[in-house]
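A.B. asks: Predicted model, plus sequence, below.
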Amino acid sequence: MSMLSRVANSIYWLGRYVERAENTARLINVNSHLLMDLPKRVRLGWAPIIDIFGTNHEFYDHYTEADERSVLRFLTSNLNNPSSILSSLSHARENARTIRDIIPREVGEKINENFIYAREHVNEALTQRGRFEYMRNIITGSQTLTGMLAGTMTHDEGYSFLRMGRNLERADMTTRIIDVRSATLLPTDNEELTPFENIQWVSVLKSMTAYQMYRRAMRLQVRRPDVLRFLFQNRVFPRSVYHASCEVEDCINHLPRSEKSLKTLKSLQKKLLKAKPEELRQEQLHEFIDELQLGLASVNGEITANYF
């Protein structure tokens, strides 16, 4: 491979961090909407969002309780949290700086612009009035970067590393959203709350801007079994776990010395397609997601060991 491992590593993590900032903004937005849609007596709160990122220890090192303001500060501006919006964009900017000669100059400028906007307007995220606008701008900024890179960067080995990073991050986040969001859904034995179960599964889809594509593909009302099948196994929806894994496979196929990485990924895909997620009870679903996350971590480990 002609590309320096240091450069490949920076491009890969640039892809991951841009995607991470977008996903964090999506989650904050959708949780805010969900809490407004549910009846006042149902209190899901903000603690599940900390669970999604698996950053409970880091959070409680800085805050005493998972109230709205503390969680929002942690997820938007806390630089000790590697998943916060500012932290992700700061890391993306640093990686972009080290590979200035690999990415188009306009991309570097856009990353800088996104970071400055996120930092200067971060307090708006703490208010209900300013939050949706702030998150929408973070999401649009990340999507603009993805489009600029697709349209202006040479589609060589470097671009393969960028896509790999983005899609591994995306697959990982999709599994996390399903895991925590399904676990914190309303109790199924409470008939009074049954009408609101639909709202919660709609929120799972909206976390990934998947609602319209789900309705188009499934032509069914929003139900747990169909949502799980769609988000895990759909081949053509960009945020499904299987689609993201196929994108990673395509990238690996363009790189040398790819046998071990490919074998690990194929094993993950086999597990994914063989499963019947719609039949899994909550505890089984949690175990299945744990296995997928370990598989994604193994793919990341193989790529790191082989190329970086």
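C.D. replies: Yep, it's here.
A.B. asks: Find the least confident helix or strand in this protein, judged by mean pLDDT.
C.D. replies: helix 194-207 (a mean of 76; mean pLDDT, DSSP states H and E).
A.B. asks: Identify each buried residue in that helix, please.
C.D. replies: 196-197, 199-207 (16 or more other CB atoms under 10 Å). Placement of C-beta: from N, CA and C, glycine included.
A.B. asks: Can I get the residues you listed in CSV including distance to Ala118?
C.D. replies: Formatted as CSV, the buried residues of helix 194-207 follow (distance: CB to CB, whole Å):
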residue, distance to Ala118
Phe196, 33
Glu197, 34
Ile199, 30
Gln200, 29
Trp201, 30
Val202, 28
Ser203, 24
Val204, 26
Leu205, 26
Lys206, 22
Ser207, 20
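A.B. asks: quick one on the thing from earlier: what angle separates the next helix or strand after the least confident helix or strand of the chain from helix 194-207?
C.D. replies: The C-terminal neighbour of helix 194-207 among helices and strands, as given by DSSP states H and E, is helix 211-218. With axes from the mean of the first three to the mean of the last three CA atoms, to 10 degrees as the basis, helix 211-218 and helix 194-207 are set at 100 degrees to each other.
A.B. asks: I'd like to know which elements helix 211-218 is packed against.
C.D. replies: In this structure, helix 211-218 packs against helix 194-207, helix 224-233, with contacts taken as 3 or more CB pairs under 8 Å, 6 or more residues apart in numbering; DSSP states H and E.
A.B. asks: Could I get the contacting residues of the nearest residue to Pro277 once chain neighbours are set aside?
C.D. replies: Nearest non-adjacent residue to Pro277, counting by CB to CB, 6 or more residues apart in numbering: Leu228, 4.1 Å away. By CB atoms under 8 Å, 6 or more residues apart in numbering, the contact set of Leu228 is 178, 182, 277-278, 280, 285.
A.B. asks: In CSV: the helices and strands packed on helix 211-218, plus distance to Glu249.
C.D. replies: As requested, the helices and strands packed on helix 211-218 are exported to CSV (distance: least, CB to CB, whole Å):
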stretch, distance to Glu249
helix 194-207, 25
helix 224-233, 15
